[in-house]
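K.L.:
Got a sequence here, can you model it:
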Amino acid sequence: MERASKLQNLGMEKTASGWLNGFIGVLIFSGSLPATRLAVLEFDPVFLTVARATIAGLLALCMLVLFKEKRPARGDLLPLAIVALGVVVGFPLLTALALQYVTSAHSIVFVGLLPLATAAFGVLRGGERPRPVFWFFSVLGSALVVGFAFSQGLTASPTGDILMLLAILACGLGYAEGAKLSRTLGGWQVISWALVLSLPVMIPLTWYLAPPSFSGITTSAWVCLAYVSVFSMLVGFVFWYRGLAQGGIAAVGQLQLLQPFFGLALAATLLHEQVSIGMLGVTVAVILCVAGARRFSK
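P.N.:
Below you'll find the model as predicted:
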């Protein structure tokens, strides 16, 4: 009886730790889209993608060497490649391209789709089985997001919205695959090895795609590049993957419902972008739906 009680307490502590780590990760990620939006005003989006991956990858390599981490097993290489394609290349590149067509405030609304995408890939790749009511709330929230995009007519930029939808799919897959691998490899080790795995491609591309001169680049653009390289690409994932592994992919993944709030606040504060009442209303509705999904995630 006492042993069972201790195990239950340990499980509760692990779950609470998972939610805390997940919250910190989401808070860090919330600055990614506004920072990317500012950066692509002065950097080519493809160069921005490979440069941030190169910077983060070199930092990750230093960490792995410093802590003398063992190389991943051969069976871990494919999952690590999927993580790299999803969150090192796919999401950063697609969002950078999308933000040439849409504002960061508009793109942030699409983040409401991330909990559903993460949960879906959590079932496919992580073996989780949320209750049926969970899917009702998740699908309803996703429908609200897509409905909002269509309500804008898509005349301004259907290309931007399609790119954002593809980015969400890539990110959801990368999140779920990384969380599954984190259970055995460790949270910060997963993103570090994924970044290192991409270096042989990213370093040459960074050199090849670099502009002839950086003299016209402003300080704010450099700061944004530093943020998306160090925090969005590395530090945020250290907390996020640990949280998903500890608390469950589908459950902790619902914390992404907070990201639109933080992101919209940053877009309005730092970029002075207009955040419409309709955009806020959809974001709140999506958050309520995903909150319901979280309750029935197990």
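K.L.:
which intervals of the stretch 101-250 of the chain have sub-threshold pLDDT?
P.N.:
Across the stretch 101-250 of the chain, the ranges flagged by pLDDT under 70 are 149, 152-156.
K.L.:
Helices of that one, start to end?
P.N.:
104-109, 114-126, 132-151, 158-185, 187-209, 219-227, 236-247, 249-252 (DSSP state H, counting those that start in this stretch).
K.L.:
Select, out of those helices, the one closest to residue 278.
P.N.:
Residue 278 lies closest, by CB to CB, to one member of these: helix 132-151, at 7.1 Å. For every residue, glycine as well, the C-beta is placed using N, CA and C.
K.L.:
okay, the angle between that closest one and helix 114-126?
P.N.:
130 degrees (axes from the mean of the first three to the mean of the last three CA atoms, to 10 degrees).
K.L.:
same for helix 132-151, what does it pack against?
P.N.:
When contacts are defined as 3 or more CB pairs under 8 Å, 6 or more residues apart in numbering; DSSP states H and E, helix 132-151 packs onto helix 104-109, helix 114-126, helix 277-295.
K.L.:
Repeat the analysis, applying 6 Å as the threshold.
P.N.:
Here helix 132-151 touches helix 277-295, going by 3 or more CB pairs under 6 Å, 6 or more residues apart in numbering; DSSP states H and E.
K.L.:
which of the residues in the helix it packs on are buried?
P.N.:
Within helix 277-295, the residues scored as buried using 16 or more other CB atoms under 10 Å are 279, 282-283, 285-287, 289-290, 292-294.
K.L.:
if we can go back for a sec, pick the most deeply packed of the helices of the stretch 101-250 of the chain.
P.N.:
Comparing these by mean neighbour count (mean count of other CB atoms under 10 Å), helix 249-252 comes out on top with a mean of 29.
K.L.:
CA atoms of it as PDB?
P.N.:
Only the C-alpha atoms of helix 249-252 are listed here, as PDB (Å, rounded to 0.1, in the frame of the first residue of the first chain):
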ATOM      1  CA  ILE A 249       2.200  14.100 -25.800                       C
ATOM      2  CA  ALA A 250      -1.500  14.700 -26.200                       C
ATOM      3  CA  ALA A 251      -2.000  16.100 -22.800                       C
ATOM      4  CA  VAL A 252       0.900  18.500 -22.400                       C
END
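K.L.:
number of nearby residues for residue 76?
P.N.:
Residue 76: 17 surrounding residues under other CB atoms under 10 Å.
K.L.:
So it versus residue 83, what's the distance?
P.N.:
10 Å (CB to CB, to the nearest Å).
K.L.:
Please apply the same query to residue 91.
P.N.:
Taking CB to CB as the measure, residue 91 falls 11 Å from residue 83.
K.L.:
higher neighbour count, those two?
P.N.:
Legend: neighbour count by other CB under 10 Å for residue 91 and residue 83, higher for residue 83 (30 against 26).
K.L.:
Show the contacting residues for that one.
P.N.:
174, 177-178, 194 (CB atoms under 6 Å, 6 or more residues apart in numbering).
K.L.:
Check those and tell me the two furthest apart.
P.N.:
Checking those with CB to CB, the most distant pair is 177 and 194, at 9.3 Å.
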